[in-house]
Every structure is written in structure tokens, then in C-alpha cells.
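S.K.: Turn this into a structure:
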Amino acid sequence: MAQALGQEAARQGFQMLFVNTHKMLQHLGGGRADGSWERRLNTYLRPELLILDDYGLKPLQPPALEDLYDVLMSATRKAASC
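M.R.: Residues are numbered from 1 along each chain as shown. Next comes the predicted model:
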């Protein structure tokens with residue numbers, strides 16, 4: 001269902017990113033290690049629609065919990081300001 005919504009959004013001209021939640025959080029975690037966390041976070045905030053796939057299939061451990069919270073809160077703030 002999420003893929004179909006993303007494809008329709010893309011057809012309508014929206015910028016869309018479909019990403020596996022666990023892989024996104026690993027990518028953000030790597031940014032903590034090399035100092036590129038904010039740049040990596042912006043990768044996920046740039047599109048107008050972010051679809052997080054397979055959310056909840058793997059347990060989240062700190063700092064992944066904080067990273068997910070930051071993604072969701074930042075995306076919510078961005079959407080509210082539009």
C-alpha cells in the first residue's frame with residue numbers, strides 16, 4: 001500500500017523517498033560516528049513525502065530511537081511550516 005501511495009505521489013509531481021526504516025537508522029548512526037549526522041538527516045527531510053518501510057520489524061536501540069524521533073519531529077515541523 002505504501003509503495004502504491006508513493007508511486008501515485010511521484011506521478012503527481014511530489015518528491016518522494018521510500019526507505020527501509022532500519023537502513024535509514026543505520027545510515028544516521030554512521031553519521032554520528034563521522035560527524036555527518038545533520039547532512040544525512042537532511043537527506044530524509046528533503047523530499048515532500050518520506051515513506052518508512054518495515055517500521056517495527058526490528059527492535060530499536062539507542063541512539064536509533066532518538067534518531068527516529070528526530071526524523072519524525074523534523075518532518076512534522078517541516079510539514080507544518082508549508
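S.K.: next one: phi and psi at residue 53?
M.R.: The phi/psi pair for residue 53 (degrees, to the nearest 10) reads phi -90, psi 150.
S.K.: I figured it hits residue 1, correct?
M.R.: No - counting by C-beta atoms under 8 Å, residue 1 is not a contact partner of residue 53; they are 10.9 Å apart. The C-beta positions use only the backbone N, C-alpha and C, and glycine is treated the same way.
S.K.: of the two, who's got more company?
M.R.: Taking neighbours as other C-beta atoms under 10 Å, residue 53 and residue 1 compare with residue 53 leading, 15 against 5.
S.K.: list the contacts for the more buried one?
M.R.: 2, 18, 19, 20, 21 (C-beta atoms under 8 Å, 6 or more residues apart in numbering).
S.K.: Longest helix in this protein, please.
M.R.: Determined from DSSP state H, the single longest helix within the chain is helix 64-81.
S.K.: list the buried ones in that helix?
M.R.: Residues of helix 64-81 classed as buried by neighbour count (16 or more other C-beta atoms under 10 Å): 64, 67, 68, 70, 71, 75.
S.K.: give the contact list for the fifth one.
M.R.: Contacts were defined as C-beta under 8 Å, 6+ apart; by that measure residue 71 touches 24, 28, 41, 44, 45, 50.
S.K.: what residues are up against the fourth one?
M.R.: For residue 44, the residues meeting the contact criterion (C-beta under 8 Å, 6+ apart) are 17, 19, 24, 28, 50, 71, 75.
S.K.: and if we set it to 6 Å?
M.R.: By C-beta atoms under 6 Å, 6 or more residues apart in numbering, the residues touching residue 44 are 50, 71.
S.K.: What is the subsequent helix or strand relative to the helix or strand hosting residue 19?
M.R.: Per DSSP states H and E, residue 19 falls inside strand 16-20. For strand 16-20, the following helix or strand on the C-terminal side (DSSP H and E) is helix 21-34.
S.K.: So which other helices or strands are in contact with that next one?
M.R.: With contacts defined as 3 or more C-beta pairs under 6 Å, 6 or more residues apart in numbering; DSSP states H and E, helix 21-34 has these neighbours: helix 37-45, helix 64-81.
S.K.: quick check: angle from it to helix 37-45?
M.R.: Counting by axes from the mean of the first three to the mean of the last three C-alpha atoms, to 10 degrees, helix 21-34 lies at 160 degrees to helix 37-45.
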